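Give me coordinates for this.
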Amino acid sequence: MDSNQFKDLVARAERQAEADPRGYLLRVCGIAALGLGILGVVIGLALVNLALIAGLLLLVIITGGKALLLFLKLGKLLVLLALPVWAMLRATFTLLCARFPPLVGREIGSDEAPALFARLAALRERIAGPRVHRVLLTDELNAAIVQRPRLGIFGWSENTLILGLRLLQAVSEDEAMAVVAHEYGHLAGNHGRFAGFIYRFRSAWGRLQAMSEQWSDWGSRLIARLFRWYAPRFNAYTFALARQNEYLADRTSAELVGAGQAADALMRVGIAARYESESFWPAIQRRIAREPEPPAGRSLLWRQRQREGLDAEARQRYLDAAQREATDPFDTHPALVDRLAALGACADPAAAQRLAPPVTSAAEAWFGSLLPVLSAEFDRRWCDEVSGEWKERHEHLGRLVARIAELDAARAAAGLTREERWEYLCAVEETDPESDLMPLLEEVLRDEPDHLLALFRRGRVRLERGDEGGIADLEQVIAADASATLPASELIWRFFRQRGEEGDAARAEFWQQRWLARSQYEQAITAEFAHLPADATLAPHELDAELVQAVCEILRSSPQHIRQAFLLRRVLKADPTRHDYVLCFETPRFTLGDKGPAVVKRLATLHWPLPFYIVHLGSGPFRRFRKTIRRLGVAPLAIAQAQ
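Prediction:
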């Protein structure tokens with residue numbers, strides 16, 4: 001299912017949910033029952049296979065081994081029957097016994113954070129929901145509750161609460177409980193057991209589909225193919241319900257901690273997320289140029305920078321940006337403005353004034369004296385992970401700074417060439433991301449109006465400054481180089497989505513559809529380039545004589561078991577203007593054994609002047625290429641005498 005099909009099915013389901021809520025829920029029940037039926041069939045196949053093997057073993061035992069003699073007499077027939085049974089057994093065993101990847105994080109015990117566990121116990125008692133078995137602390141600005149079956153597909157779930165340390169450092173204790181209550185509301189299905197079941201069922205099918213992508217044998221791939229058909233359709237049809245669940249989970253949070261605290265938590269997390277991406281991490285990145293080692297006290301720095309940098313003006317700016325964003329049609333989470341409206345709140349100036357960084361964060365309230373230890377653990381792990389890359393980047397930026405000094409001197413003396421001018425601009429942008437690139441970009445484009453990289457950068461900078469004229473730059477780049485469609489479309493979509501003026505939603509939709517169309521095209525091209533099917537469209541190669549001669553010279557240097565060879569062009573079905581090349585060869589008619597695979601392996605190790613597929617015309621899938629070669633009148637390559 002491609003993105004447009006998914007979106008169309010989501011839109012149809014949302015219309016049904018709005019026009020006939022009861023009928024929509026009945027349809028959801030039906031598609032969920034289909035999923036349970038698929039799992040039942042898979043489990044049934046496993047049990048049948050196991051029963052068959054057990055029955056055969058029992059028959060051998062009962063007959064005192066006489067049945068074994070019968071099996072041996074059947075010989076090849078038994079093998080042919082046993083292979084598919086074994087493949088299916090292996091596939092179902094893989095599904096039934098597979099374990100989901102372990103969750104990563106630092107486990108927190110009740111003795112380490114008694115205040116947190118007391119709040120969790122009170123939350124569970126009030127909702128009458130399932131138990132939280134584990135609490136994991138991660139180095140993220142996020143929170144979640146994950147339900148993982150201990151016995152794979154058979155269930156016996158373990159519920160794990162995941163709390164991000166940076167999130168807990170950014171919010172108050174009550175706001176943190178509002179976030180936890182939202183996640184717990186999903187798990188408990190507090191406003192409808194059926195909605196809670198569908199939420200968990202969506203998560204389970206997502207994990208099953210991801211897990212099935214790793215299966216390699218043909219029996220498992222059959223099951224994986226069934227999963228890939230069902231899972232996206234189930235997710236699309238239940239999308240409307242999943243989005244409703246987000247509002248219901250927000251309502252659960254409001255009932256437990258109050259609508260004001262729930263709304264403040266949503267705004268606070270939104271502010272912290274924007275501050276992290278737009279200010280905190282860029283500031284960390286800027287330190288690489290002047291510091292050879294990553295900062296050791298990053299967690300403390302995160303807390304301090306919030307108190308210093310998140311003043312009322314910055315908070316209002318971030319809230320205004322969030323309010324301009326509309327709900328993404330591909331995201332089950334509604335936009336902040338819609339979630340606040342459902343709670344009867346809004347991100348007004350009073351909220352920006354009220355949401356100053358808390359005096360006591362949730363992390364301080366829950367972990368107390370343990371917090372410095374936890375922070376040091378995460379900081380040490382982060383430093384170990386980024387240290388090597390940090391040092392390489394530091395040295396690279398040092399070389400760029402030295403090169404900028406050289407180019408500055410050359411610029412003052414005799415001026416820069418076009419190539420040096422572009423090199424200077426790129427070096428300045430990389431070493432000082434906050435510098436104003438516009439003068440340098442205008443200088444480059446004055447001499448080279450069609451410089452695509454400069455046009456793209458100017459378009460991006462103009463959009464970042466709120467100048468809609470940047471779209472013309474990006475459209476010019478797309479017209480000259482279609483491969484720029486994806487990054488350019490994303491920039492323009494984000495511009496309209498964040499600006500939020502009248503008509504911007506439709507224009508954002510247009511660029512999103514343009515992005516999707518190009519993405520699907522590139523996926524189709526990549527998939528076709530990745531393999532050579534037996535029904536590939538072939539044509540004469542049309543390469544210049546010098547390149548063909550180079551290929552012939554390599555073949556002459558390694559002619560063993562090659563009777564003749566042909567060079568062809570494979571035209572892609574997804575786009576007839578795109579192509580690659582195929583080198584086909586014939587082995588001598590009379591050889592001891594099939595030499596084709598060995599020749600393919602040998603030729604693949606040689607250094608060729610162009611990439612191509614290497615195929616043996618005597619192998620089963622590619623024998624039909626012979627007829628195509630004769631029809632096209634392609635002459636064999638001029639290589640040494642056949643051996």
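
low-confidence ranges in the stretch 51-200 of the chain?
Along the stretch 51-200 of the chain, the model assigns pLDDT under 70 to residues 52-53, 56-57, 60, 64-101, 149-156, 188-200.

got the residue ranges for the strands in it?
With DSSP state E, counting those that start in this stretch as the criterion, the stretch 51-200 of the chain has strands at 106-107, 134-138, 143-149, 157-164.

And for the stretch 351-500 of the chain?
Shown for the stretch 351-500 of the chain, no strands are assigned by DSSP E, counting those that start in this stretch.

ok, now the stretch 501-643 of the chain?
For the stretch 501-643 of the chain, strands defined by DSSP E, counting those that start in this stretch occupy the ranges 537-540, 564-571, 579-586, 613-616.

Can you tell me which of those strands is nearest to residue 369?
Counting by CB to CB, residue 369 lies closest to strand 579-586 out of those; the figure is 63.5 Å. From N, CA and C alone the C-beta is placed, and that goes for glycine too.

in its sheet, what does the closest one sit against?
strand 564-571 (antiparallel), strand 613-616 (parallel) (DSSP bridges).

Let me have the strands of the stretch 51-200 of the chain in a markdown table, adding distance to residue 569 and mean neighbour count as columns.
Formatted as a markdown table, the strands of the stretch 51-200 of the chain follow (distance: least, CB to CB, whole Å; neighbours: other CB atoms under 10 Å):
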| stretch | distance to residue 569 | mean neighbour count |
| --- | --- | --- |
| strand 106-107 | 56 | 13 |
| strand 134-138 | 51 | 20 |
| strand 143-149 | 50 | 18 |
| strand 157-164 | 52 | 19 |
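
okay if I get the ones you listed as TSV plus distance to residue 491?
Below are the strands of the stretch 51-200 of the chain laid out as TSV (distance: least, CB to CB, whole Å):
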stretch	distance to residue 491
strand 106-107	38
strand 134-138	31
strand 143-149	30
strand 157-164	29
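
for these, which one sits closest to residue 267?
Nearest of the strands of the stretch 51-200 of the chain (CB to CB): strand 143-149, 15.5 Å.

Walk me through which strands that closest one pairs with, and which way each runs.
Applying DSSP bridges, strand 143-149 is found paired with strand 157-164 (antiparallel).

before we move on, back to that, let's have the strands paired with strand 579-586 in a markdown table, adding mean pLDDT.
As requested, these are arranged in a markdown table below (pLDDT from 0 to 100):
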| stretch | mean pLDDT |
| --- | --- |
| strand 564-571 | 95 |
| strand 613-616 | 94 |
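
Just send those strands back as CSV, with mean neighbour count and distance to residue 373 too.
CSV is the format used below for the strands paired with strand 579-586 (neighbours: other CB atoms under 10 Å; distance: least, CB to CB, whole Å):
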stretch, mean neighbour count, distance to residue 373
strand 564-571, 20, 61
strand 613-616, 20, 57
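
Out of these, which is closest to residue 513?
Closest to residue 513 of the strands paired with strand 579-586 is strand 564-571 (CB to CB; 27.8 Å).

roughly how far is that closest one from the heart of the chain?
Between the centre of strand 564-571 and the centre of its chain there are 37 Å (CA atoms, centre = their mean, to the nearest Å).

for stretch 540-553, same thing?
How far stretch 540-553 lies from its chain's middle: 41 Å, per CA atoms, centre = their mean.

Give me the buried stretch members for it, please.
By neighbour count with 16 or more other CB atoms under 10 Å, stretch 540-553 contains the buried residues 541, 543, 551-552.

Mind checking the pLDDT average for it?
The predicted model gives stretch 540-553 an average pLDDT of 93.

same deal with stretch 227-241?
The pLDDT scores in stretch 227-241 average 79.

Please point out which parts of that stretch sit buried.
227, 230-241.

Columns distance to residue 378 on top of the strands paired with strand 579-586, output as a markdown table?
Formatted as a markdown table, the strands paired with strand 579-586 follow (distance: least, CB to CB, whole Å):
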| stretch | distance to residue 378 |
| --- | --- |
| strand 564-571 | 51 |
| strand 613-616 | 48 |
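
and residue 267, which of the ones you listed is closest to it?
For residue 267, the closest of the strands paired with strand 579-586 is strand 564-571, at 55.1 Å, according to CB to CB.

what comes into contact with the closest one?
Applying CB atoms under 8 Å, 6 or more residues apart in numbering, the contact partners of strand 564-571 are 532, 536-543, 548, 551, 555, 578-586, 612-613, 625, 629, 632, 634-637, 639, 642.

Can you flag the buried ones in these?
Neighbour counting by 16+ other CB under 10 Å classes 532, 536, 538, 541, 543, 551, 555, 579-586, 612-613, 625, 629, 634, 637, 639 among those as buried.
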